[in-house]
Each structure stands twice: as C-alpha cells, then as structure tokens.
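Asker: Model the structure of this input:
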Amino acid sequence: MLRRHARTACTVLAAAGLALAGLQAGSATAAPHDKDRAPTVRTAADALGAASAQPELLRAMQRDLGLTRAQAENRLANEAEAGARAAGLRLDLGGAFAGAWVDGAESGTLTVATTRAADAAAIRAAGARAEVVTHGLTALERAKEALDRAATAEAPVRYVDVRANVLVVEEARAGAGARLVAATGVPRGLVKVVRTAEAPRPLYDLRGGDAYYMNGSGRCSVGFPITKGTTQGFATAGHCGRAGTSTSGFNQVAQGSFQASVFPGNDMAWVATNANWTATPYVKGAGGANVQVTGSVLQPVGSSVCRSGSTTGWHCGTVQQHNTSVTYPEGTISGVTRTTVCAEPGDSGGSYISGSQAQGVTSGGSGNCSSGGTTFFQPLNPILQNYGLTLKTTTDPGPGPGPGPEPEPGGTWAAGKVYKAGDTVTYGGATYRCLQGHQAQAGWEPSNVPALWQRV
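Answerer: The predicted structure is shown next:
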C-alpha cells in the first residue's frame, strides 16, 4: 500500500465489421406505441451524447490512442451503438452468451461470442461478428467467484478475458495461481495463470478529478459530483477515508466529511459537502477545461476511457475487462474494471469517463504515466445505487433529436433510479427490460431510448 501524507500525493490506483450506419439503423427501431402513435426514438450514439464529446476529451484520445479527431469521434459513436447491440444479443442468447468486445481504431467491429454454433447466423444478422467458444460467460464468472473467496495478494488479479474465453489469474509468486486453483476445485481447463511483477496497491491519495484532502493530510481525487436530496457532495474511493473523516478541498478550505465508505470488498464512498461547495456536472479535463457528464452507461470491453486525477491530470486508454477481482494487502476488491489507463499516487478516487458517460472512480493499479501501467476503477452505478445518490449531469445533452411524445403517465420507471441489465419496468402502459445498466434521467424514458430499454 502506498500512503503519502502531508503535502505529498496519496492516490488510488486502487478501470464481420460493424458499420456505424448499420448500428444506428438497428438502434432506432422501436415497438409500436399504444394508440398507433410511434414515439420518436434516439440512437444509442444520440442518447449517450457521443456527438457532443468535448474537444479536450477528443484531444486526449488522439494523443493516447493514436487517433485523428475524426477517428476519435467515430469511435465514440461506434462504441455507444456496439454497447446497445451487445446488450440486446446477450439477452437473446441467454446462457450461451460468452462475452462481447469491440476492435479497430474506430471500434468498428463488434464481436459477440457464444457457446452454440447455431447462434452464429443470428449474431451476424444483428450486425456483429460471431465467435463460437467453449465456455459461457456465466460459467467463467462463477469460477472466478470461487477463486475470489480464497485469493491472497500472491495472486492479486483475476478476471475473465472474453477475447480468449478463459479465466486469467495473475500471480506475483511462482505457483500461487496453481495453488489457488487446486484449493478451490475450479477446473484447471478454465484457467490461464500468468506471472506479473507488478503488485496493485491503493494509492491514498466538486469537479471530477480535483484534489481533496482527508483530515488535513492525505490527498485523493474527486470522482463524480452528486446530490442526495438537498445535500451536495461527490462519489470517490472507499479506501480514501472512513465515515466521519473530514475533508478539505483543492484550496485547503473546509469542505465536508465522508458519510459512508466500503473497503475492502468494494472500493466506494461518498462525501457530503458544506454549503460553500456546489456540485457541478463536470470532470476536469486537459488544461483544466470542463468535460461534461451526461449519464452513467457502462461501456463494453475494448471501449475508450479517460481518467482525471489530481496528480497526473488527464489520460486515456481502453477498457480491458469488467468484473475483475483484485486482492490488495488489505483484502479483496471485486467488481472493478481493468483498464490500460495510467495513474500515479494522488489520482486515487478520480473520475473515469467514456465520451460523456461516467464510468467509475480510481481504485488501484500498477505502473505509472511515464512507462505505462494497469489501473482498476470501481464502477459508479453501484455507488449511486448503494447510497441513493444522483449523479450530477448537464441539462444540455448536446445536438441531436429530443425525446418523442410522452406516453400516458404511470408505471414503475422512475428518473434517478439505478437500473441493472435485466431489470423490468412499466411505462406508458408497456413493459420494458433494461439492456444496459444506468441511472435513469429525464429524456431517457424507456419508450424513446432503445439503446437502454427493450419493449417486451
């Protein structure tokens, strides 16, 4: 564990080609509306604000991913559409689903894996590349859960590599992976053990990415500004402080205190601020510019993601795996996302954002921003749900069509609630199933956002 105090940084590193036109056409299809009134719907790219990505984010993607501006813009649009398409296919394939990922400089190819060869035609018909594999995602994730319960810091990282269709165990000491697999009874054929010289650790360190200080000494970074009723504050990493820990802002002015915190197990917390601080819907981008936040839809494996932190600022990379487990010296953290984004001490708790969609807060990792590294983020939606928080988002979703005619009121859908993939709601007299986890907001009603909801 890296603990830096006083004026030193104390961070957390503790996150067949698919043409865009074809994706957008598919996402725009909607079920008939009651009384023969078809609602106007938004494509996934429109709904997630891909076209309104700010210049600072696009410049960082160009720098860190080797893209042109046009490629960066196309990539964000393709990733939004691919996420929606993959979510629908996962629902259709059920237990045979074995993962999905995007490839190419512009994320132009979506691959969906299945354990049934008979599914390949349907996957291709949906505009994705099909791959038939041996193990379903559910079986691999259940095996990972068994390893998580017995893991130690000698085998610090475990994740399902959907591209390779295998459960990966990274071992810091020779033989640790094999011993873990043998102790849990997980079939050896499901597991690939790789050696790592890096040991993930928490880096202790109301705009995302700004610094804050705990009890006047250690430093972390703001994740995402939130509200809870009339209270304002921010989400951050749990290892940065415990309930009651006082905070001061980047300017060392009294700020607030931790209201709740979980670490290990998860790495989540939230801070309530005093009346001198106002939550804003922004993350600190390159050069201190504001990058807008419009929602919290988690993006698929292979997607671009950028991080803001109070030590190293603004850096980008890609999502490698979701639902990764990491064992730090303090214990195991589950459900984090593994990324190629670099970070250093002082960046702890800071923001991960894909396009304008909030992804999570910095939890841990290894390496640095000179030689590169691996980092993990705690997804944001579980933090919002666990503590009943509302993500602060911009009221301007950017260019694109607005929501269609409102259906008749009533139903169980509610703005502000966090929905998981598979949840069902009623709205306007119809039933919908959630395709991608997100926090609901006005304008994202089920009838007009088919990227997030499927009528059943």
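
Asker: Would you map the helices across the stretch 301-450 of the chain?
Answerer: Remark: helices assigned in the stretch 301-450 of the chain by DSSP state H, counting those that start in this stretch are 380-387.

Asker: Neighbours of residue 181, how many?
Answerer: 22 (other CB atoms under 10 Å). C-beta: built from backbone N, CA, C; applies to glycine.

Asker: Please determine how far the closest residue to it other than its chain neighbours is located from residue 153.
Answerer: Nearest residue to residue 181 in three dimensions, chain neighbours excluded: residue 191, at 5.3 Å (CB to CB, 6 or more residues apart in numbering). Per CB to CB, to the nearest Å, residue 191 is found 18 Å from residue 153.

Asker: Between those two, point out the one with more neighbours.
Answerer: residue 191 (21 against 18).

Asker: OK, contacts around the more buried one?
Answerer: 143, 147, 166-169, 177, 181 (CB atoms under 8 Å, 6 or more residues apart in numbering).

Asker: Sort out for me which of the residues you listed are in strands.
Answerer: 166-169 (DSSP state E).

Asker: sorry, back to before: including distance to residue 199 and pLDDT, could the contacts of residue 191 go into JSON lines?
Answerer: Formatted as JSON lines, those follow (distance: CB to CB, whole Å; pLDDT from 0 to 100):
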{"residue": "143", "distance to residue 199": "24", "pLDDT": "97"}
{"residue": "147", "distance to residue 199": "18", "pLDDT": "96"}
{"residue": "166", "distance to residue 199": "23", "pLDDT": "98"}
{"residue": "167", "distance to residue 199": "20", "pLDDT": "98"}
{"residue": "168", "distance to residue 199": "16", "pLDDT": "98"}
{"residue": "169", "distance to residue 199": "15", "pLDDT": "97"}
{"residue": "177", "distance to residue 199": "15", "pLDDT": "96"}
{"residue": "181", "distance to residue 199": "20", "pLDDT": "97"}
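
Asker: Closest to residue 58 out of these?
Answerer: Relative to residue 58, the closest of those is residue 168; by CB to CB it sits at 32.0 Å.

Asker: Surely that closest one touches residue 196?
Answerer: No: between residue 168 and residue 196 there is no contact under CB atoms under 8 Å: 10.3 Å.

Asker: Residues that sit against both of the two, list them.
Answerer: Listed as contacting both residue 168 and residue 196 by CB under 8 Å, 6+ apart are residue 157.

Asker: who has more neighbours, the two?
Answerer: The neighbour comparison of residue 168 against residue 196 (other CB under 10 Å) goes to residue 168, with 20 against 16.

Asker: OK, contacts around the more buried one?
Answerer: Here residue 168 is in contact with 157-161, 191-194 (CB under 8 Å, 6+ apart).

Asker: Ok, residue 281 next?
Answerer: Residue 281 touches 225, 292-294, 392-394, counting by CB under 8 Å, 6+ apart.

Asker: what's the farthest-apart pair in the residues you listed?
Answerer: Farthest pair in the contacts of residue 281 (CB to CB) is 225 and 294. Separation: 13.4 Å.

Asker: Just the helices from the stretch 1-150 of the chain, written as ranges.
Answerer: Using DSSP H, counting those that start in this stretch, the helices of the stretch 1-150 of the chain run over residues 20-27, 44-47, 55-65, 69-93, 120-125, 137-150.

Asker: any chance of these in a markdown table, plus mean neighbour count?
Answerer: Formatted as a markdown table, the helices of the stretch 1-150 of the chain follow (neighbours: other CB atoms under 10 Å):
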| stretch | mean neighbour count |
| --- | --- |
| helix 20-27 | 18 |
| helix 44-47 | 27 |
| helix 55-65 | 19 |
| helix 69-93 | 23 |
| helix 120-125 | 14 |
| helix 137-150 | 18 |
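
Asker: Same list (those) but as JSON lines, adding distance to residue 359.
Answerer: Formatted as JSON lines, those follow (distance: least, CB to CB, whole Å):
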{"stretch": "helix 20-27", "distance to residue 359": "21"}
{"stretch": "helix 44-47", "distance to residue 359": "16"}
{"stretch": "helix 55-65", "distance to residue 359": "13"}
{"stretch": "helix 69-93", "distance to residue 359": "12"}
{"stretch": "helix 120-125", "distance to residue 359": "26"}
{"stretch": "helix 137-150", "distance to residue 359": "20"}
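
Asker: which of the ones in strands among the contacts of residue 191 sit farthest apart?
Answerer: 166 and 169 (9.9 Å).

Asker: if we can go back for a sec, closest to residue 309 out of the contacts of residue 191?
Answerer: residue 168 (26.3 Å).

Asker: I'd like the distance between the closest residue to residue 423 other than its chain neighbours and residue 358.
Answerer: Leaving aside its sequence neighbours, residue 423 sits nearest to residue 434 (CB to CB, 6+ apart; 4.3 Å). Distance from residue 434 to residue 358, counting by CB to CB: 17 Å.

Asker: higher neighbour count, these two?
Answerer: Shown here are residue 434 and residue 358; by other CB under 10 Å, residue 358 has more neighbours (31 against 21).

Asker: Kindly state the beta-bridge partners for that one.
Answerer: With DSSP bridges as the criterion, residue 358 is bridged to residue 353.

Asker: That one: what's it in contact with?
Answerer: By CB under 8 Å, 6+ apart, the contact list for residue 358 reads 208, 224, 283, 293, 295-296, 351-352, 380, 391.

Asker: One more: residue 337?
Answerer: Applying CB under 8 Å, 6+ apart, the residues contacting residue 337 are 15, 298, 319-324, 352, 359-360, 376-377, 379.

Asker: neighbour-wise, which of the residues you listed leads?
Answerer: Tallying neighbours with other CB under 10 Å puts residue 352 at the head of the contacts of residue 337, with 35 neighbours.

Asker: nearest spatial neighbour of that one, skipping sequence neighbours?
Answerer: residue 359 (4.1 Å).

Asker: From residue 327, how far off is that neighbour?
Answerer: From residue 359 to residue 327 the distance is 22 Å (CB to CB).

Asker: Could you do residue 269 as well?
Answerer: Applying CB to CB to residue 269 and residue 327 gives a distance of 20 Å.

Asker: And residue 128, by the same measure?
Answerer: Using CB to CB, one gets 34 Å for the distance from residue 128 to residue 327.

Asker: returning to that earlier point: and the helices of the stretch 1-150 of the chain: which comes nearest residue 246?
Answerer: Residue 246 lies closest to helix 55-65 among these, at 31.7 Å (CB to CB).

Asker: What angle do helix 69-93 and that closest one make with each other?
Answerer: Taking axes from the mean of the first three to the mean of the last three CA atoms, to 10 degrees, one finds helix 55-65 and helix 69-93 inclined to each other by 80 degrees.

Asker: Which one of residue 166 and residue 169 is surrounded by more residues?
Answerer: Taking other CB under 10 Å, residue 166 and residue 169 do not tie; residue 169 has more neighbours (25 against 18).
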